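*Asks:* the sequence isn't on hand, but the structure is:
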């Protein structure tokens, strides 16, 4: 609970039958207590740096995986006040036309969004949100770019040193890719390796095909 990013690493020295005098290994792990162990720009940079160090020093790299994949979210300051312009106020199931801010909210957090002005028939002025920028970095597509970088680094480590992934908790998206990119992978019997959740797939398929993550990514 004291970390300010969702990843930690250690250099350990251990004695084995092959190395009775001890040898060093590097262990890198998601911190599941920080934003569900998700990968943002700082986590990606940290993982890449640790992987590069393992390659440079020719040390075995052990990855303890328990995460929720790349961090994709919406800025808190926008999430707390945006409103929905329903197609039919009495029937939300018919969908919506746009999300918007009131003029008061836009004057307060306008720098966190890209929006255009609309005057309603009632005379009220609202701001239609085109894009959410946010004050905080690391909530959008920049995280996907970082995922590509760490996948490349871990693939290179496959050739340059020994890599092992131990799936200690649910591992999602880029976490699932990393689990399969290592030389060895150990998976707990009760923890899945998945690219996306079963409920999202059911929505895509239009019917209830899957009932658990383990159906998709169990051992």
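*Replies:* Ah, there it is. All values reported here derive from a predicted model rather than from experimental measurement.
*Asks:* quick one, longest helix in the chain?
*Replies:* Looking across the chain with DSSP state H, the single longest helix is helix 142-160.
*Asks:* show me what the helix or strand following that helix packs onto, helices and strands only.
*Replies:* Using DSSP states H and E, the next helix or strand after helix 142-160 towards the C-terminus is strand 163-167. In this structure, strand 163-167 packs against strand 61-65, helix 174-181, strand 184-187, with contacts taken as 3 or more C-beta pairs under 8 Å, 6 or more residues apart in numbering; DSSP states H and E. In short, each C-beta sits where N, CA and C put it, glycine included.
*Asks:* and with 10 Å instead?
*Replies:* Judged by 3 or more C-beta pairs under 10 Å, 6 or more residues apart in numbering; DSSP states H and E, strand 163-167 is in contact with strand 23-30, helix 41-57, strand 61-65, helix 142-160, helix 174-181, strand 184-187.
*Asks:* which of those sits most buried?
*Replies:* strand 61-65 (a mean of 24; mean count of other C-beta atoms under 10 Å).
*Asks:* sheet partners, orientation included, of that one?
*Replies:* Sheet pairing for strand 61-65, assigned by DSSP bridges, gives strand 23-30 (parallel), strand 163-167 (parallel).
*Asks:* ok, and what's touching the shortest one?
*Replies:* Judged by C-beta atoms under 10 Å, 6 or more residues apart in numbering, the contacts made with strand 163-167 from elsewhere in the structure are 25, 27, 29, 51, 54-55, 60-67, 154-157, 171, 175-176, 178-188, 191-193, 217, 219.
*Asks:* now stretch 137-152
*Replies:* Contacts for stretch 137-152 (C-beta under 10 Å, 6+ apart): 5, 35, 38-51, 69-76, 131-134, 173-175, 177-178, 180-181.
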